[in-house]
Each structure stands twice: as structure tokens, then as C-alpha cells.
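**Student:** What shape does this take:
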Amino acid sequence: MNQQWLRVVIAAVFEVSWVIGLKHASTVWEWLATAVAIFISFYLLIKAGEHLPVGTVYAVFVGLGTAGTVCADSLLFGEPWKLAKIVCIIVLLLGVIGLKLVTGEKKEEGGHA
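**Tutor:** Numbers count the residues shown, from 1 in each chain. Down below sits the predicted model:
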């Protein structure tokens, strides 16, 4: 996995954090942490989008964030697992993996890296 895709994965982890924060934050520090997670998430997403196709980056970001949020909700907050939910997460992750496998990096113009 190259550095840009790693940025997308880390951005998705921060997305899960801020989504949970939006629902559960109750103190100034929790809201501040949520805001920081939003900033980091979108910063990494934007930086990855400078080198990878933006549509694919966004789809992978949202897919990983969605799957991560559903899993975190069950693991951290006791949301029950259902077979349909598990199947949908697997299908979503297969789509994310497929997009990543068929997407290359953008060609840099003028030799800039």
C-alpha cells in the first residue's frame, strides 16, 4: 500500500472518530477532539486526492468510514450484530478493495512529485 492510500485509510479512522464524537461528545474537550478529528480526516483526504483519482478516494474513504462506524457502534456501544448488516459490510468492503485494486495514481504534470 502506498503512502497516499495509507492517508485514505488513516483519514477513514479519523472519520469514524469524529462521527462517534458527534453523537457522544458532551464536554468541551470531547467536542474539541471531535473538531480535531474532522480536520485531520479531511486534510488527509484532500492530500490523498492530490495524487489519486478524487472519486475513487472519496468512495474508499466513505466505504471504510461507514464500515468502521458500524463496527465501532457494535463493539463500543452494544449495537446488535445482524446477519444482513454483516453481509452488507462485507459487500461494501469488497467494493472498496476492488476500487483500490483497479485505481492507479494520477500522472504528475511537469515532473512534480
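**Student:** how about the longest helix anywhere in the chain: buried residues?
**Tutor:** Longest helix of the chain, by residue count under DSSP state H: helix 54-77. Of the residues in helix 54-77, 56-57, 59-61, 63-74 count as buried by neighbour count, 16 or more other Cβ atoms under 10 Å. C-betas here are computed from N, CA, C, even on glycine.
**Student:** go on, stretch 45-52?
**Tutor:** So, applying 16+ other Cβ under 10 Å, buried residues of stretch 45-52: L45, K47, A48, G49, H51, L52.
**Student:** Tell me if I'm right that the first one and A59 touch.
**Tutor:** No: with contacts defined as Cβ atoms under 8 Å, L45 does not count as touching A59, sitting 11.5 Å away.
**Student:** where's stretch 57-68 relative to the chain centroid, distance-wise?
**Tutor:** 4 Å (Cα atoms, centre = their mean, to the nearest Å).
**Student:** what do you get for stretch 11-24?
**Tutor:** For stretch 11-24, the distance to the chain centre is 9 Å (Cα atoms, centre = their mean).
**Student:** Now do the helix or strand of the chain with the lowest mean pLDDT: everything it contacts.
**Tutor:** Lowest on mean pLDDT, DSSP states H and E among the helices and strands of the chain sits helix 83-102, with a mean of 87. Under the contact criterion Cβ atoms under 8 Å, 6 or more residues apart in numbering, helix 83-102 has outside partners W5, T56, A59, V60, G63, L64, T66, A67, V70, C71.
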